[in-house]
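[1] sequence and predicted structure, then a few things I'm wondering about:
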Amino acid sequence: MSQPPRNSFTDLPPLFHPDGTPIRALVVDDEASLTELISMGLRMANWEVATAAGGDEAVRTARSFRPDVLVLDVMMPGMDGIAALGRIRELYPEVPALFLTARDAVQDRITGLAAGGDDYVTKPFSMEELMLRLHRLVQRSGVAASDNAELVVGDLVLNQDTREVTRGGTDIELTATQWELLRYLMENARRVVSKAQILDQVWNYDFGGQANIVELYVSYLRKKIDVGREPMIHTVRGVGYVLKPAVA
């Protein structure tokens, strides 16, 4: 009998609180079928999930549920997602939030991020993408303890405690900046990141006209990560770079 397809988001390192209790996600959308789909995916990752069909209900639920992360539809009848985030942040100022927006609602995305949203996905979306983004938000919020300090993408492993990097079990020596760049690419695995994003996250300031420093360091990484192997670091022309598991 053939094996069922594997959901790659379940391969992410498990997240939980330091006391071993599950991460809590509050999912808010007026589309019941979408809420159920998201909830099912999060529960597969062993997260605890509460749901609400609108902003008012979300605020009431948040009081008792104490969520670690929010998934909020922007456009809902009554209190919308942006207003709900403001009310919930009065209770829990540090809770990260991901907005769900319509594919063509650029202004919704801008407004949501300006209102304090930490990330967004556009509808329709893949559960894998949503889980990757939520996983990253929870990791960065500091509420979770991980089973280990490793980032794993395919056969590439980066240990954030020891700063060791291996691919296929072979040690890879990196400079401090190369290591930070690789960590950022692995944190955003399968997601295209721009040169501007890399500059901001790895170098922490704007190089102005020296954005080619990114190209230089990506070339360094490729020589150490990809040479003699199936490539993992890919250029998306005119957009940026993406790191993803090698094709077997």
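    Alright, I've got the coordinates.

[2] and stretch 130-141, what's buried?
    130-139 (16 or more other C-beta atoms under 10 Å). C-beta here means a position set from N, CA and C on the backbone, and glycine is covered the same way.

[3] A strand includes residue 234, no?
    Yes: counting by DSSP: H, G, I helix; E, B strand; the rest coil, one finds residue 234 located in a strand.

[4] test my guess that it contacts residue 240.
    No: in this structure, residue 234 is not within contact of residue 240 by C-beta atoms under 8 Å, at 9.9 Å.

[5] those two: which is more packed in?
    Between residue 234 and residue 240, residue 240 has the larger neighbour count (other C-beta atoms under 10 Å), namely 19 against 13.

[6] and for the residue lying closest to residue 60 once chain neighbours are set aside, the neighbour number?
    Leaving aside its sequence neighbours, residue 60 sits nearest to residue 52 (C-beta to C-beta, 6 or more residues apart in numbering; 7.8 Å). When neighbours are defined as other C-beta under 10 Å, residue 52 has 22 of them.

[7] do the same with residue 17
    13.

[8] residue contacts, it?
    23, 68, 143-145 (C-beta atoms under 8 Å, 6 or more residues apart in numbering).

[9] which among these count as buried?
    23, 68, 143-144.

[10] save those as a markdown table, and put in pLDDT, distance to residue 36 and secondary structure too.
    Putting the buried ones among the contacts of residue 17 into a markdown table (pLDDT from 0 to 100; distance: C-beta to C-beta, whole Å; DSSP: H, G, I helix; E, B strand; the rest coil) gives the following:
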| residue | pLDDT | distance to residue 36 | secondary structure |
| --- | --- | --- | --- |
| 23 | 94 | 19 | coil |
| 68 | 96 | 20 | coil |
| 143 | 81 | 25 | coil |
| 144 | 75 | 24 | coil |
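
[11] how about the residues you listed in JSON lines, adding distance to residue 126?
    Compiled in JSON lines, these are given as follows (distance: C-beta to C-beta, whole Å):
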{"residue": "23", "distance to residue 126": "20"}
{"residue": "68", "distance to residue 126": "22"}
{"residue": "143", "distance to residue 126": "25"}
{"residue": "144", "distance to residue 126": "23"}
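
[12] how much space separates residue 142 from residue 186?
    19 Å (C-beta to C-beta, to the nearest Å).

[13] which of the two has more neighbours?
    Neighbours per residue, other C-beta under 10 Å: of residue 142 and residue 186, the larger number sits with residue 186, 19 against 8.

[14] isn't that one right next to residue 244, touching?
    No: with contact defined as C-beta under 8 Å, residue 186 does not count as touching residue 244 (10.2 Å).

[15] now do the shared contacts for the two.
    residue 153.

[16] on that earlier part again, closest to residue 48 out of the buried ones among the contacts of residue 17?
    The nearest member of these to residue 48, counting by C-beta to C-beta, is residue 23 at 7.0 Å.

[17] tell me how far that closest one lies from residue 17.
    If you go by C-beta to C-beta, the gap between residue 23 and residue 17 works out to 7 Å.

[18] the one helix or strand in the chain whose mean pLDDT sits lowest: what's the following helix or strand?
    For the chain, scoring each helix and strand by mean pLDDT, DSSP states H and E identifies strand 145-146 as the least confident one, at a mean of 61. Next in sequence after strand 145-146, counting helices and strands by DSSP states H and E, comes strand 150-153.

[19] name the nearest residue to the residue with the shortest distance to the centre of the chain, sequence neighbours excluded.
    Residue closest to the average C-alpha location in the chain (C-alpha atoms, centre = their mean): residue 133, at 2.1 Å. Nearest residue to residue 133, sequence neighbours excluded (C-beta to C-beta, 6+ apart): residue 119, at 5.2 Å.
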